[in-house]
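Colleague: Prediction below, plus the sequence it came from.
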Amino acid sequence: MKLVLKSLALAAFVMAGSAHAAALTLSTGSSVSDQGWTVSNLSGSGNLVFSSTLIGALNAGGVVVESAAPAVVTSKLNAKGTAYTAITAAAPVTSLSGSFDGSTVSIASVGTQGGALLTSEADGFTTTGGSLSITNLKVDLGTKSVYATLVGGNGVGTLNNYLLWNYSTLTGATSFAAVEGTTTSNNTLTGLTITSAAFETFSTALGLTTAGRNAMASITDYGSISSSISVLASKNAVTPAVPEPSTYLLMGLGLVGIAAVSKRAKR
């Protein structure tokens, strides 16, 4: 998913002021400390909003859309309760990766957990029946690609880190200066298009017939993904260095010397 971060305080991952870019990684429930900074409390969600053409194709095939935990799917039906009019899948953000060159943080990818489960029953026209879960989305900002874990019926099985969609447009900055404290960013990517290989995977998993494939082939935009992400960055307290015993000895000898010189001067 494109979860581009604007002004998130992630500089603590790297060596401040370094001459070259250093890699950074943060996951939910973890923290990273470096060069006097600590970054933690990664939270937020990515919301996949299904396009109207995708919803139309799902309705044509009688496909049911449900939650794949921990993500939550919300949907609206028409007045008759026979077709979807809106579908959104909200998944928690679980990872961020990128780099830092000493002053600017650049985000490379964002990952979420959970997703949606699609189930179709044989109707004799668009599908012979099947299922497909789409979970653990990962957005690669460099290639404008969206990867996912797919688990499909009809012999598809489990496909990890599978290239699912490409996207055309993102809003918000992909790099930013670091700040101290909690920062929240809201961003959106649009223009999701399915890859040719993923199209075949969808078709097989859901058991689409020629009519079903034609309906799916008419989808030129699968929707958009919006995000809200927060992190906490803080400067670590500086602990005064404890002098070594030898340092105390030298200090004591110095004081004795000063006292002797002072006494001699008085005489």
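Modeller: Looks like it came in fine. For clarity, every value in this text was computed on a predicted model and none was experimentally measured. Residues are numbered from 1 along each chain as shown.
Colleague: switch to C-alpha atoms for all contacts and neighbour counts from now on
Modeller: Fine.
Colleague: Helix, strand, or coil at Thr53?
Modeller: helix (DSSP: H, G, I helix; E, B strand; the rest coil).
Colleague: residues touching it, list them.
Modeller: 218-222 (CA atoms under 8 Å, 6 or more residues apart in numbering).
Colleague: Distance-wise, check it relative to Ser30.
Modeller: Using CA to CA, to the nearest Å, Thr53 is found at 39 Å from Ser30.
Colleague: Kindly report the same for Ser95.
Modeller: 10 Å.
Colleague: Can you list the residue ranges for strands in the stretch 1-150 of the chain?
Modeller: Under the criterion DSSP state E, counting those that start in this stretch, the stretch 1-150 of the chain carries strands at the ranges 22-27, 32-34, 37-50, 64-68, 72-77, 84-100, 104-112, 115-120, 130-140, 145-152.
Colleague: Go ahead and confirm Thr184 touches Val231.
Modeller: Yes. Using CA atoms under 8 Å, Thr184 is in contact with Val231, at 7.0 Å.
Colleague: Those two: who's more crowded?
Modeller: Comparing Thr184 with Val231 by other CA atoms under 10 Å, the one with more neighbours is Val231, at 20 against 16.
Colleague: in what helix or strand does that one lie?
Modeller: Using DSSP states H and E, Val231 sits within strand 223-235.
Colleague: what about stretch 60-79, distance to the chain center?
Modeller: Distance of stretch 60-79 from the chain centroid (CA atoms, centre = their mean, to the nearest Å) equals 22 Å.
Colleague: got the contact list for Asp221?
Modeller: 51, 53-54, 191-193.
Colleague: returning to what we had before: now the contacts of Thr53: which count as buried?
Modeller: For the contacts of Thr53, a burial check counting by 16 or more other CA atoms under 10 Å picks out 219, 221-222.
Colleague: Please determine how far the closest residue to Ser218 other than its chain neighbours is located from Thr184.
Modeller: Nearest non-adjacent residue to Ser218, counting by CA to CA, 6 or more residues apart in numbering: Thr53, 7.9 Å away. Applying CA to CA, the value for Thr53 to Thr184 is 32 Å.
Colleague: repeat for Ala108
Modeller: For Ala108, the distance to Thr184 equals 18 Å [CA to CA].
Colleague: for Phe202, same thing?
Modeller: According to CA to CA, Phe202 stands 35 Å off from Thr184.
Colleague: and if you look at Ser31?
Modeller: Distance, Ser31 to Thr184, by CA to CA: 17 Å.
Colleague: what does Lys138 give?
Modeller: Using CA to CA, we find Lys138 at a distance of 19 Å from Thr184.
Colleague: Equivalent analysis for Leu24, please.
Modeller: 18 Å.
Colleague: and of the contacts of Asp221, the nearest to Leu206?
Modeller: Closest approach to Leu206 among those (CA to CA): Leu54, at 14.2 Å.
Colleague: mind listing what that closest one touches?
Modeller: 216, 219, 221-223.
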